[in-house]
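Undergrad: sharing a sequence plus its predicted fold:
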Amino acid sequence: MYRGQAARLETLAFRVASPTSSWPLLCAAGAKPGPAVIDWWSRRARSVECVTPANPVPCFKIYTREREREREREREMGSEEETVESREWVLSSYIPQGVPTSDHLKIRTVRIDVGVDSIPDSHVAVQILFISVDPYLRAMMTGQEDGLYLNQFQLNQALRTFGVGRIISSKDANYKNGDLVSNPFFPVANYCVIGSVFLHKIDIKDGISLLDYLSVLGVPGFTAWVGMQVVGDPKPEENVFISAAAGAVGMFASQLAKLKGCRVVGSTGTDEKVKLLKDEFGYDDAFNYKKETDFDAALKK
């Protein structure tokens with residue numbers, strides 16, 4: 001696990017957890033994977049902590065420090081504010097190739113009406129707590145459809161992704177202030193008003209971490225489940241090979257395959273990750289694909 005430096009900065013605070021494989025998705029100019037502090041963000045944020053956690057899913061926790069005490073009161077009593085200030089990441093231009101920079105992604109501040117009288121029916125106002133940064137998001141920034149099953153992000157609109165948030169105002173009888181919810185289309189922002197059709201209520205009594213709803217119960221876990229259960233459906237004692245085996249999807253796929261009684265072999269890009277796969281993730285065998293010249297021979301070992 002990497003534990004990054006913390007920089008004392010200006011107005012907005014982000015807690016960033018990201019594996020190096022997904023780092024380029026939403027990084028800014030000068031950003032590097034691992035524990036690097038992002039120079040471009042440092043001119044706009046109060047603090048940035050970059051880590052690569054055991055939890056495989058990258059997340060942003062977005063908050064404004066000066067409002068923490070006020071939010072505690074809001075959670076207990078319900079928000080009486082009619083409008084809130086929200087900062088959001090906006091796609092200002094498409095990125096056909098390369099790494100997104102500050103030329104492509106901008107932060108803007110907007111005021112959002114969150115009073116009950118301002119919210120449409122079957123909508124809720126949400127304070128967004130965590131978002132998931134997944135590889136598919138990069139493919140939605142190119143401006144080219146290329147047969148992608150998801151539409152491209154719209155220019156000058158906030159990026160959208162899976163997230164977890166807390167309801168601060170509701171126009172839906174099924175949801176009340178303080179409810180925790182997940183949604184696949186939250187904007188990358190502090191707050192939003194959104195339709196309730198795709199909301200999923202989170203019951204904290206289940207004892208499941210909020211981050212688990214973005215990892216094993218989110219896009220990576222669901223992708224792994226579809227691959228192992230719906231598409232591949234391997235049988236006991238069969239051999240299963242997983243590439244990008246130390247990634248967010250790969251590590252879940254391997255566990256599902258092991259539960260089915262399969263022999264699981266994975267490939268990854270460093271010797272350290274090979275050791276991780278075998279010693280901690282339970283792979284039967286693994287190899288560094290950057291060192292192998294004959295993949296058929298490596299798989300036959």
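TA: It's in.

Undergrad: send me stretch 265-278 as PDB with only the CA atoms.
TA: Below are the C-alpha coordinates for stretch 265-278, written out as PDB (Å, rounded to 0.1, in the frame of the first residue of the first chain):
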ATOM      1  CA  VAL A 265      -3.600 -18.700 -13.000                       C
ATOM      2  CA  GLY A 266      -3.000 -14.900 -13.500                       C
ATOM      3  CA  SER A 267      -0.700 -12.600 -15.300                       C
ATOM      4  CA  THR A 268       0.500  -9.200 -14.100                       C
ATOM      5  CA  GLY A 269       3.200  -6.600 -14.800                       C
ATOM      6  CA  THR A 270       5.600  -6.800 -11.900                       C
ATOM      7  CA  ASP A 271       7.300  -9.400  -9.700                       C
ATOM      8  CA  GLU A 272       5.800  -7.800  -6.600                       C
ATOM      9  CA  LYS A 273       2.300  -8.300  -7.900                       C
ATOM     10  CA  VAL A 274       3.100 -11.900  -8.900                       C
ATOM     11  CA  LYS A 275       4.000 -12.500  -5.200                       C
ATOM     12  CA  LEU A 276       0.900 -10.700  -4.100                       C
ATOM     13  CA  LEU A 277      -1.300 -12.900  -6.300                       C
ATOM     14  CA  LYS A 278       0.100 -16.100  -5.000                       C
END
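
Undergrad: buried ones in that stretch?
TA: Of all the residues in stretch 265-278, those buried under the rule 16 or more other C-beta atoms under 10 Å are 265-269, 273-274, 276-277. For every residue, glycine as well, the C-beta is placed using N, CA and C.

Undergrad: widest-spaced pair of those residues?
TA: Pairwise distances across these (C-beta to C-beta) peak at 15.3 Å, for the pair 265 and 269.

Undergrad: list the buried ones in the longest helix anywhere in the chain?
TA: Longest helix in the chain, counting residues (DSSP state H): helix 248-259. Judged by neighbour count (16+ other C-beta under 10 Å), helix 248-259 contains these buried residues: 248-258.

Undergrad: can you show me the strands along this structure?
TA: Along the chain, the stretches classed as strands by DSSP state E are 2-6, 12-17, 45-52, 59-63, 83-91, 105-113, 123-132, 160-170, 180-187, 191-195, 200-202, 239-242, 263-268, 285-288.

Undergrad: would you map out the domains in this structure?
TA: For the chain, automatic domain parsing gives the domain ranges 2-214, 220-300.

Undergrad: one step back: as TSV, the strands of the chain with mean pLDDT would be great.
TA: Listed next are the strands of the chain as TSV, based on pLDDT from 0 to 100:
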stretch	mean pLDDT
strand 2-6	31
strand 12-17	33
strand 45-52	36
strand 59-63	43
strand 83-91	95
strand 105-113	95
strand 123-132	96
strand 160-170	96
strand 180-187	95
strand 191-195	96
strand 200-202	94
strand 239-242	94
strand 263-268	94
strand 285-288	94
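
Undergrad: redo the ones you listed as a markdown table? Include distance to residue 294.
TA: Below are the strands of the chain laid out as a markdown table (distance: least, C-beta to C-beta, whole Å):
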| stretch | distance to residue 294 |
| --- | --- |
| strand 2-6 | 33 |
| strand 12-17 | 36 |
| strand 45-52 | 31 |
| strand 59-63 | 38 |
| strand 83-91 | 42 |
| strand 105-113 | 41 |
| strand 123-132 | 37 |
| strand 160-170 | 39 |
| strand 180-187 | 41 |
| strand 191-195 | 51 |
| strand 200-202 | 46 |
| strand 239-242 | 15 |
| strand 263-268 | 13 |
| strand 285-288 | 11 |
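
Undergrad: hmm, residue 91 is touching residue 159, no?
TA: Yes: counting by C-beta atoms under 8 Å, residue 91 does reach residue 159; the two are 6.0 Å apart.

Undergrad: what's near enough to touch residue 185?
TA: 160-161, 194, 198 (C-beta atoms under 8 Å, 6 or more residues apart in numbering).

Undergrad: low-confidence ranges in the stretch 201-301 of the chain?
TA: Judged against pLDDT under 70, the stretch 201-301 of the chain has no low-scoring part.

Undergrad: which stretches of it form helices?
TA: 219-225, 248-259, 271-279, 295-300 (DSSP state H, counting those that start in this stretch).
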